[in-house]
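In: give me coordinates for this.
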Amino acid sequence: MSREIVHNVRGPVYLAEYSHKHGSDFSVHTTYEGAQEYLKTIVADFKDDFIPGFGNESYKDSGLDELVERWTDITGSTEWLNITELELQK
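Out: The predicted structure follows:
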């Protein structure tokens, strides 16, 4: 059984979305940087599936920030990463 966690947050929240062939995964963050770090973990976990041995010359020297930005191209438009800023209602 899931446990509900409640936080008081002022200002926006950031919804990180990882869309793939099995659906979409979401993660909510209080900062843009936190959402970006979440997407970096996704890329770190799955990069070898799309860049064999991470030796593809096109991305050999790419860091995780660049891979996050280019993920849709890297995956042949089969996966998408997105961050949406959501303003909380008062």
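In: hang on, Val13 in a strand?
Out: Yes - per DSSP: H, G, I helix; E, B strand; the rest coil, Val13 lies within a strand segment.
In: please tell me I have it right and it contacts Tyr32.
Out: No - if you go by CB atoms under 8 Å, Val13 and Tyr32 don't touch, sitting 10.0 Å apart. From N, CA and C alone the C-beta is placed, and that goes for glycine too.
In: common neighbours of these two, please.
Out: Glu85 (CB atoms under 8 Å, 6 or more residues apart in numbering).
In: so between the two, which is more surrounded?
Out: A count of neighbours by other CB atoms under 10 Å puts Val13 above the other of Val13 and Tyr32, at 18 against 14.
In: tell me the bridge partners for that one.
Out: Leu86 (DSSP bridges).
In: secondary structure class for Asn82?
Out: Strictly by three-state DSSP, Asn82 counts as strand.
In: what residue ranges in the protein score low on pLDDT?
Out: 1-2, 6-7, 9, 52-57, 60, 90 (pLDDT under 70).
In: what separation is there between the residue nearest the centre of it and Tyr18?
Out: Central residue of the chain (CA atoms, centre = their mean): Leu39, 2.4 Å from the mean position. To Tyr18, Leu39 is 7 Å away according to CB to CB, to the nearest Å.
In: ok, the nearest residue to Lys40 once chain neighbours are set aside - contacts?
Out: Distance criterion CB to CB, 6 or more residues apart in numbering; nearest residue to Lys40, sequence neighbours excluded, is Leu64 at 4.4 Å. Counting by CB under 8 Å, 6+ apart, Leu64 touches Lys40, Val43, Ala44.
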